[in-house]
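**Q** Could you work out the structure for the sequence below:
(one chain, ligands or ions: 2)
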Amino acid sequence: MGGGQESRRLHDARRAGVEVKSRGQRPRPGARTPRSEVIVALGSNLGDSANVLREAVIRLASLSARRLRRSSLWRSTPVDCPPGSPPFVNAAVAFEPTAGETPESLLARLQALEKEFGRRPKTILNEPRPLDLDLIAFGSEVRATSELTLPHPRAHQRRFVLEPLNEIAPALVLPGQTKSIREWLAELRTDEVVRRIPDTNSW
Ligand code: ADP
Ligand code: MG
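**A** Ligands and ions are numbered 1, 2, ... in the order given. Predicted coordinates:
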């Protein structure tokens, strides 16, 4: 891909309110603590997955009260998926919800976005999908209904969630837990192969 196209993407992302982090960047001193932070994990294993995630993040930025933080793109082996499923591209974002947003209203928006990006109602468990948006956390909110479990019950067991999340919120302790993302990741033992896609810290 040409450098011109990449810098245009960067420009578009910045304009859409996506914080484009250079590696090793520290939070600004005095940066204000968000009212509550939303964490969304993104995944795709159908279509032009990297591009789907780029577009989806731009849409998520429009739901954020301030600049959204986002991880690199990661490639992962499918977990608990039908045989022959293509690999996933994964990422995670953190943002501050706008006033009046609730976990339920946000989940509805995420599901509408999944549909917009071509997601069909599932017929087979974990079949390939152009876009999966999982709500990992919504501040300190906790839910246990058939529609919504918060924090996401499997997030801390999945390397494809923890690796991207560790880039943007390593010290985060999810509600009801005692270990940080960094600690969960350090002690995780799974067969999953999850690799950072090079040069995607500014996708
Ligand atoms: P998965 O993400 O586990 O591969 P799906 O995306 O197909 O599977 O599952 C979506 C279902 O999970 C939805 O019906 C949704 O209501 C439910 N759900 C429960 N908690 C959450 C959550 N925290 N984030 C996203 N979906 C959730
Ligand atoms: Mg999902």
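
**Q** mind listing the helices for this structure?
**A** With helices called from DSSP state H, the chain shows them at 3-15, 49-61, 103-116, 159-168, 181-187.

**Q** who's in contact with the shortest one?
**A** In other words, helix 181-187. 156, 159, 162-163, 165-166, 169-174, 179 (Cβ atoms under 8 Å, 6 or more residues apart in numbering). Backbone N, C-alpha and C define where each C-beta goes, glycine included.

**Q** Out of the helices of the chain, which one sits most buried?
**A** With neighbours taken as mean count of other Cβ atoms under 10 Å, the helices of the chain reach their highest mean count in helix 159-168, at a mean of 24.

**Q** what does it contact?
**A** 39, 41, 43, 69-72, 74, 76, 79, 88, 90-94, 134, 136, 152, 154-156, 172, 181-182, 184-185, 188, 190, 192, 194, 196.

**Q** Would you mind writing the CA trace of that helix as CSV?
**A** Presented in CSV, the C-alpha positions along helix 159-168 are these (Å, rounded to 0.1, in the frame of the first residue of the first chain):
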residue,chain,number,x,y,z
ARG,A,159,-5.7,-14.0,24.2
PHE,A,160,-7.2,-12.3,21.2
VAL,A,161,-9.0,-9.9,23.6
LEU,A,162,-6.2,-9.5,26.1
GLU,A,163,-3.3,-8.8,23.7
PRO,A,164,-5.0,-5.8,22.1
LEU,A,165,-6.5,-4.6,25.4
ASN,A,166,-3.1,-4.8,27.0
GLU,A,167,-1.9,-2.1,24.6
ILE,A,168,-4.6,0.4,25.6
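
**Q** Is that helix in proximity to ligand 1?
**A** No: using Cβ under 6 Å from any ligand atom, helix 159-168 stays clear of ligand 1, with a minimum separation of 10.3 Å.

**Q** need the residues of this protein near ligand 1, please.
**A** Checking the chain against ligand 1 by Cβ under 6 Å from any ligand atom, the hits are 107, 122, 126, 132, 134-135, 147-150, 152.

**Q** ok, and which of these reach ligand 2?
**A** 132, 134 (Cβ under 5 Å from the ion).

**Q** Quick one: neighbours of Arg75, just the number.
**A** A count of nearby residues for Arg75, using other Cβ atoms under 10 Å, gives 18.
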